[in-house]
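**Student:** my questions concern the predicted model and sequence given below.
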Amino acid sequence: MEPTLAFPLLLALIGVALFFDFLNGLHDAANSIATIVSTRVLKPQYAVAWAAFFNFIAFMFFGLHVAETIGKGIVDPAIISPQVVFAALMGAIVWNIVTWIFGIPSSSSHALVGGLVGAGLAKTGSAAIVASGLTKTVFAIFLSPAIGFLLALVLVLIVSWVFVRQTPFAVDSTFRVLQFVSASLYSLGHGGNDAQKTMGIIAVLLFSQGYLGPTFHVPFWVVITCQAAIALGTLFGGWRIVHTMGSKITRLNPMQGFCAETGGAITLFAATALGIPVSTTHTITGAIVGVGAARRVSAVRWGLAGNIVIAWIITLPSAAAISAFTYYISSLFA
């Protein structure tokens with residue numbers, strides 16, 4: 001198929017996609033650094049640089065299964081058009097900005113999925129939706145924080161048993177070092193899962209307009225550009241959300257921070273290997289609640305955690321509504 005989209009317009013849409021990727025890193029910086037900052041192992045400015053580095057190199061460790069899910073598994077690639085891509089990105093971007101302003105740790109991933117669904121429905125109705133891909137993504141909204149919660153809870157119990165004879169000072173010193181490892185792993189998982197969502201958007205745009213040839217794939221320049229954009233966003237950080245994630249839900253010490261990050265990282269690694277676009281926000285929040293609950297149930301501010309869950313639930317339909325509205329408005333000028 002010959003390219004059908006003018007090159008300047010193509011570049012503009014890729015620029016919008018990379019802006020979303022940057023916002024994703026900005027919005028989700030807290031997911032990678034909240035625990036290591038709240039435990040005072042690293043100062044915020046060093047923590048974001050640490051996280052950004054591992055965000056960038058994540059492509060070296062993961063396949064592109066999540067990018068393929070976003071590109072082909074949420075809406076039918078046959079209905080993708082520049083208008084659909086623009087509407088989907090605007091739905092995700094607007095919702096990300098709203099939640100960032102109010103310090104709500106919502107999901108950039110599900111905002112993008114919601115944007116795709118809203119634009120697809122606005123264009124062709126329910127026939128546009130790939131039910132299998134959307135079902136596993138929605139299922140992961142509830143499953144990923146539950147797995148993060150359970151893994152973190154179990155890790156706290158194991159670590160507490162292993163170090164039961166150690167002094168509090170020795171335990172604290174050990175896990176101040178180990179938190180560098182767990183934070184690195186979580187940042188790898190974040191970069192590996194989240195950057196691929198933008199890769200999928202750009203790749204399906206290129207494919208739908210005839211720039212990739214007959215077979216869907218993700219060009220290497222798209223991979224590198226998206227990893228760089230999310231890393232740059234992480235470098236700028238999202239301090240409002242860091243405060244919510246790192247201290248408002250529950251107070252953490254280095255051992256608990258290690259368990260939360262490790263439990264979250266395991267969840268992200270598994271989801272990325274399976275090609276499931278999960279939310280890093282959901283995952284780390286579940287893990288943080290898990291380590292708080294392991295200490296005692298009252299250590300978790302359940303009211304705040306409940307508000308975060310509400311934000312998770314409304315993210316997909318809210319982004320879909322914004323996206324559908326954008327599609328209808330842009331149709332007036334098409």
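**Tutor:** That came through fine.
**Student:** what bits of the stretch 1-150 of the chain have low per-residue confidence?
**Tutor:** Scanning the stretch 1-150 of the chain for pLDDT under 70 picks out 1-5, 29-32, 34, 105.
**Student:** where exactly do the helices run in it?
**Tutor:** Per DSSP state H, counting those that start in this stretch, the stretch 1-150 of the chain carries helices over the ranges 7-38, 44-56, 65-72, 82-101, 108-124, 131-162.
**Student:** of those helices, flag the one that's most buried.
**Tutor:** Among the helices of the stretch 1-150 of the chain, helix 108-124 has the highest mean neighbour count (mean count of other Cβ atoms under 10 Å), at a mean of 28. For every residue, glycine as well, the C-beta is placed using N, CA and C.
**Student:** got the helices of the stretch 1-150 of the chain as TSV, with distance to A228 columns?
**Tutor:** What follows is these, written out as TSV (distance: least, Cβ to Cβ, whole Å):
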stretch	distance to A228
helix 7-38	9
helix 44-56	6
helix 65-72	15
helix 82-101	18
helix 108-124	17
helix 131-162	25
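**Student:** right, and these - which one's nearest T272?
**Tutor:** Nearest to T272 among the helices of the stretch 1-150 of the chain is helix 65-72 (5.8 Å), distances taken as Cβ to Cβ.
**Student:** what sits up against that closest one?
**Tutor:** Helix 65-72 is contacted by residues 77, 112-113, 116, 130, 133, 137, 192-193, 196-197, 199-201, 203-204, 207, 216, 218, 271-277 when judged by Cβ atoms under 8 Å, 6 or more residues apart in numbering.
**Student:** buried ones among these?
**Tutor:** 77, 112-113, 116, 130, 133, 137, 192-193, 196-197, 199-201, 203-204, 207, 216, 218, 271-272, 275-277 (16 or more other Cβ atoms under 10 Å).
**Student:** now, which of those lie within helices?
**Tutor:** 112-113, 116, 133, 137, 192-193, 196-197, 199-201, 203-204, 207, 271-272 (DSSP state H).
**Student:** not counting its neighbours along the chain, what's nearest V204?
**Tutor:** Leaving aside its chain neighbours, V204 sits nearest to G71 (3.9 Å; criterion: Cβ to Cβ, 6 or more residues apart in numbering).
**Student:** what helix or strand is the residue nearest to L26 when sequence neighbours are not counted on?
**Tutor:** The shortest distance from L26 to any non-neighbouring residue, by Cβ to Cβ, 6+ apart, is to G233 (4.1 Å). Here G233, judged by DSSP states H and E, is contained in helix 220-236.
**Student:** packing partners of that helix?
**Tutor:** helix 7-38, helix 44-56, helix 168-208 (3 or more Cβ pairs under 8 Å, 6 or more residues apart in numbering; DSSP states H and E).
**Student:** any buried residues in it, and which?
**Tutor:** 222-223, 225-235.
**Student:** if we take these, which one ends up nearest to N253?
**Tutor:** Nearest member of the buried residues of helix 220-236 to N253, counting by Cβ to Cβ, is T234, at 24.2 Å.
**Student:** who touches that closest one in this structure?
**Tutor:** 25-26, 28-29, 32, 48, 51-52, 55, 187, 190.
**Student:** and the gap between the closest residue to L112 other than its chain neighbours and V85?
**Tutor:** Nearest residue to L112 in three dimensions, chain neighbours excluded: A92, at 4.3 Å (Cβ to Cβ, 6+ apart). Counting by Cβ to Cβ, to the nearest Å, the gap from A92 to V85 is 11 Å.
**Student:** do the same with P8
**Tutor:** 15 Å.
**Student:** cool, and V37?
**Tutor:** Distance from V37 to V85, by Cβ to Cβ: 35 Å.
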